[in-house]
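Undergrad: Could you work out the structure for the sequence below:
(chains A and B)
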Amino acid sequence: MATPVSLHAHAAPQGFIRKYIFSLDHKVIGIQYYFLALTAVFVGMFLSLLMRIHMIWPTAVLPLVGEIKPETYLSLLTMHGTIMVFFVLTTAPQGGFGNYVLPIQIGAPDMAFPVLNMLSFWTTFVGFVVIIAAFFVTGGAPLHGWTGYPPLSAVQAAGPGEGLGADLWITSIAIFCIASLMGALNFITTTLDLRAKGMTLMRMPLTVWSWFITAILGLLAFGVLLSAGILLLLDRNLGTSFYVPLVVVNGQIMGHKGGSPLLWQHLFWFFGHPEVYIAILPGMGVASQILSTFSRKPIFGYKAMVYAMLAIGFFGFMVWGHHMFMSGMSPYSAFAFSILTMCIGVPSAIKTFNWLGTMWKGHIRFQTPMLYAIGFVSLFVSGGLSGPFLAQPVLDIQLHDTYFVVGHFHLIMGVAAIFGIFAATHYWFPKMFGRMMNETMGRIHFFITLAGTYAIFMPMHYLGMAGQTRRYSQFTEVAYQTKLIPLQTFMTYAAIITIAAQFLFLINLFWSMFKGPKASDNPWEATTLEWTTTTPPPHDNFGGRTPVVNHGPYEYGVPGAPRDYVLQTDPATIASH
Amino acid sequence: MGLALMCLIWLITLASTYFFVAKTWWLPVGASAAAAWIDGQFTLTFILMGIVFLAAQLGLGYIVWRYAQKPNSPPVPYTHGNTRLEIIWTVLTAVLFIGLNLMGAPVWASQRWDAAPADAVQVEVTGMQFAWYFRYPGADGTYAKTKPSLMDPSAGGEAAVGLDTNDPSAKDDVVTGTMYLPVNREIDISLRSVDVIHSFFVPSLRFKQDAVPGLNIHMHFKPIQIGEYEIACAELCGLGHYKMHGMVHVVSQEDFDKWLAAREAEKQ
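TA: Next up is the predicted model:
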């Protein structure tokens, strides 16, 4: 915090390549991350479309793709999960918006380590290229699911796609881990060291808190996944047996001995559970920021919100075993993991209460960022409340590895997190690109997407209760599942409509970038530091000024103040509170 | 806009709730002793979470409609929160979630902590890409050795699980592709996999357990209703995962004895 700003300022770059490709500017890097995630989300969404089509019309011959075989379906499923979790849900909220907004919101001219920042983006980019390459090698993409449980993921003979495709899959994840570790270090250092004068920890916007806590989770989690991935590569290619005991695949004894398949599950979920909070915490921050701004009311329970996020981060590392209730892990530890999992529901509930409290008696303005933030709250509640079912090992006997789980995590860490990204896009777009997005297109997109995603994912809970197992490419082999096909058909139609509506968002994004009406410096009448600088901000964010912070982040409707909002940089004397 | 949003949120909420309450799709018939307990805990959780779901979603819809900004809206209350409220809802949520969990714990303990009784019927379940095999130890009550080097999945039956026929106790071991169980007896299954992880899931018996290569997992359950129940593999195991299907026939003790005797006779 004491570091002089001038030490971190670097001259504005000249020339296209230094300015837009290998840029050191956190704003350019943030936009690069965003467009990488945007590319990835359309790839991932296309894969899910193919999956939904295959489940209902298995013999359909599709243009470009041809006929989808059961093993192809599993490859689609694996790549959909991996691309969405890593290159969308981890990349856009943190790498994209965190990078762009965090330094400005704390009054810093850039991230603490600009070169590291550039490296972490380009490393992520390489990771994306590597995973896409898995589609094009002999045998195709792996079929072991995004969780990659060995021995299926460790033994090449276990299935098509388990050759070079699986190696590329692990390599890509390992590269992604390295990039995320670099990013996490940068975020933590920046938040701790580069805050402007007066920006105490308890004056930081909740978005900054969410990115900061996410970075800490990333620092602790990605290292474990990286190590686990390296061990898996060794098992696959150098004949070690970390994860593989003596197994007989198709009558052939594989050369492994004594490894433990459960070891991978522990390591993977030690990363995997914090990862779901890495995906959703920034969404929580964005929702808090937007609900307060567009309700024209201070956030309800700021401190409770901060402590709740810290509690979520803390407990997030102690609940990984709830993914393993049916794995053969000790049933005694299942009991402990389940109690701890219930504990994590408490701070999540606190956040929901506080969001409702923020809107209560507010002056709600229904501009598009607010619509998505309200959608986020609804989805967070719906996705969250299936948690206490799955957290009970005794109910997991029936629900584990069924569509109930698929519905649960898609609502909460998939769609809710994506709504956080939509909200953030509409909210910060004016600052990033200097123009406003189209409200009408935004509203239509919001309503179709909210109704559509519920239509896709709510029925999954019914399917799961009825015993529909996940990762099945066909439902014709098990009699009781055949009866559930009409519901699957409904979901496929809902998916086709919802996916089509996403092009509206894409059109709005690109059209507004060039043709949208010019944005003012503070179009939403918000209070945080990014709205005190020009639109878009200059290279050093504040044009040589050093902001001084006098107020908390959500001072709306302050009695006696000249406007209904008090900027964080307004003079301390502007209102007494 | 507030009204439209309220209508949509309420519509989604009520429609979702309808299909749960109407039980249009619901848990399958429960044919094991634990089913009543598990379903009871499920129903309890469902009612409590359902109330919270309705309250939160309907409340959210109401708030966005009621507090939409209008020209004549009264000034917003300038408040940063309410510590007493925070404490109340934190404690209530904690009691609800943790209490709910503790209520389900005895069922879990009875299913997974306690060992099967000594007189339980022994069955070994072996998963392999993409079939289930069931082995009964026969009159001697002992499973003969199996050897990885003898496993031949294409031959099926005894050869698939690699039964070592030189072992004297192999004489009365019966290996089948369909599971037969006597009703109202505790079943002690010994669960194995030879290649990748599978999961032995019988929805109607409320039973699921992963089969993990390298581990021999003992679990028990008690079918209480005669009938035929489907097994569906619940852990992704490769390209044939979706067709790794099997049947459990729960029959009377008499029919079970007859069936087993006939298999023994076939073997001689």
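Undergrad: Can you report how many residues neighbour residue 127?
TA: All of this is about chain A. A:Gly127 sits with 24 neighbouring residues when counted by other C-beta atoms under 10 Å in any protein chain shown. From N, CA and C alone the C-beta is placed, and that goes for glycine too.
Undergrad: not quite, I wanted chain B
TA: Neighbour count of B:Gly127, defined by other C-beta under 10 Å: 28.
Undergrad: Are we agreed that it is in a helix?
TA: No - looking at B:Gly127 with DSSP: H, G, I helix; E, B strand; the rest coil, it is strand, so not inside a helix.
Undergrad: nearest spatial neighbour of it, skipping sequence neighbours?
TA: Once flanking residues are discounted, B:Gly127 sits nearest to B:His198: 3.4 Å by C-beta to C-beta, 6 or more residues apart in numbering or on different chains.
Undergrad: need the contact list for that neighbour.
TA: Going by C-beta atoms under 8 Å, 6 or more residues apart in numbering or on different chains, B:His198 touches B:127-128, B:132, B:210-211, B:233, B:235, B:237, B:244.
Undergrad: again, but for A:Ile53
TA: Applying C-beta under 8 Å, 6+ apart, we find A:Ile53 in contact with A:60, A:62, A:68, A:492.
Undergrad: which stretches of chain B form helices?
TA: Along chain B, counting by DSSP state H, helices occupy B:2-21, B:35-66, B:83-108, B:157-161, B:253-267.
Undergrad: Take those and lay them out in a markdown table including distance to chain A and mean pLDDT.
TA: Output for the helices of chain B, formatted as a markdown table (distance: least, C-beta to the nearest C-beta, whole Å; pLDDT from 0 to 100):
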| stretch | distance to chain A | mean pLDDT |
| --- | --- | --- |
| helix B:2-21 | 5 | 95 |
| helix B:35-66 | 5 | 96 |
| helix B:83-108 | 4 | 93 |
| helix B:157-161 | 9 | 93 |
| helix B:253-267 | 22 | 94 |
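Undergrad: ranking those by burial, who's on top?
TA: Comparing the helices of chain B by mean neighbour count (mean count of other C-beta atoms under 10 Å in any protein chain shown), helix B:157-161 ranks first with a mean of 20.
Undergrad: contacting residues around that one?
TA: Helix B:157-161 is contacted from outside by B:126, B:128, B:131, B:133, B:135, B:146, B:150-153, B:165, B:173, B:175-177, B:194, using C-beta under 8 Å, 6+ apart.
Undergrad: Just the buried ones from these?
TA: Neighbour-count burial (16 or more other C-beta atoms under 10 Å in any protein chain shown) is assigned, among the contacts of helix B:157-161, to B:126, B:128, B:131, B:133, B:135, B:146, B:150-153, B:173, B:175-176, B:194.
Undergrad: Contact partners for residue 65?
TA: Because you didn't say which chain, this covers chain A. Counting by C-beta under 8 Å, 6+ apart, A:Val65 touches A:Leu50.
Undergrad: I was after chain B.
TA: B:2-3, B:5-6.
Undergrad: Of these, which is the nearest to A:Pro142?
TA: Nearest to A:Pro142 among the contacts of B:Trp65, counting by C-beta to C-beta, is B:Leu5 at 42.0 Å.
Undergrad: these two touch, right, that closest one and A:Ala373?
TA: No - between B:Leu5 and A:Ala373 there is no contact under C-beta atoms under 8 Å: 11.5 Å.
Undergrad: Quickly list what the residue nearest to B:Gly127 is bridged to.
TA: B:Ala211 (DSSP bridges).
Undergrad: What's the per-residue pLDDT of it here?
TA: What the model reports for B:His198 is a pLDDT of 98.
Undergrad: count of residues packed around the nearest residue to A:Val41 once chain neighbours are set aside?
TA: Closest residue to A:Val41 apart from its sequence neighbours, by C-beta to C-beta, 6+ apart: A:Val88 at 4.6 Å. Residues near A:Val88, counting by other C-beta under 10 Å, number 26.
Undergrad: for A:Val88, what are its contacts?
TA: A:Val88 makes contact with A:37, A:40-41, A:44, A:418, according to C-beta under 8 Å, 6+ apart.
Undergrad: can you check B:Ala211 too?
TA: If a contact means C-beta under 8 Å, 6+ apart, then B:Ala211 has B:125-127, B:191-193, B:197-200, B:217, B:235 as its contacts.
Undergrad: what do you get for B:Val52?
TA: A:Leu385.
Undergrad: how close does it sit to A:Gly387?
TA: Taking C-beta to C-beta, to the nearest Å as the measure, B:Val52 falls 11 Å from A:Gly387.
Undergrad: before we move on, what about A:Tyr33?
TA: According to C-beta to C-beta, A:Tyr33 stands 29 Å off from A:Gly387.
Undergrad: what's the answer for A:Ile312, then?
TA: 12 Å.
Undergrad: same question, A:Leu24
TA: In terms of C-beta to C-beta, A:Leu24 sits 41 Å off from A:Gly387.
Undergrad: again, but for B:Leu260
TA: Going from B:Leu260 to A:Gly387 by C-beta to C-beta gives 44 Å.
Undergrad: still on that earlier bit, looking only at neighbour counts, state which of A:Ile312 and A:Gly387 leads.
TA: A side-by-side neighbour count of A:Ile312 and A:Gly387, using other C-beta under 10 Å, places A:Ile312 first with 24 against 20.
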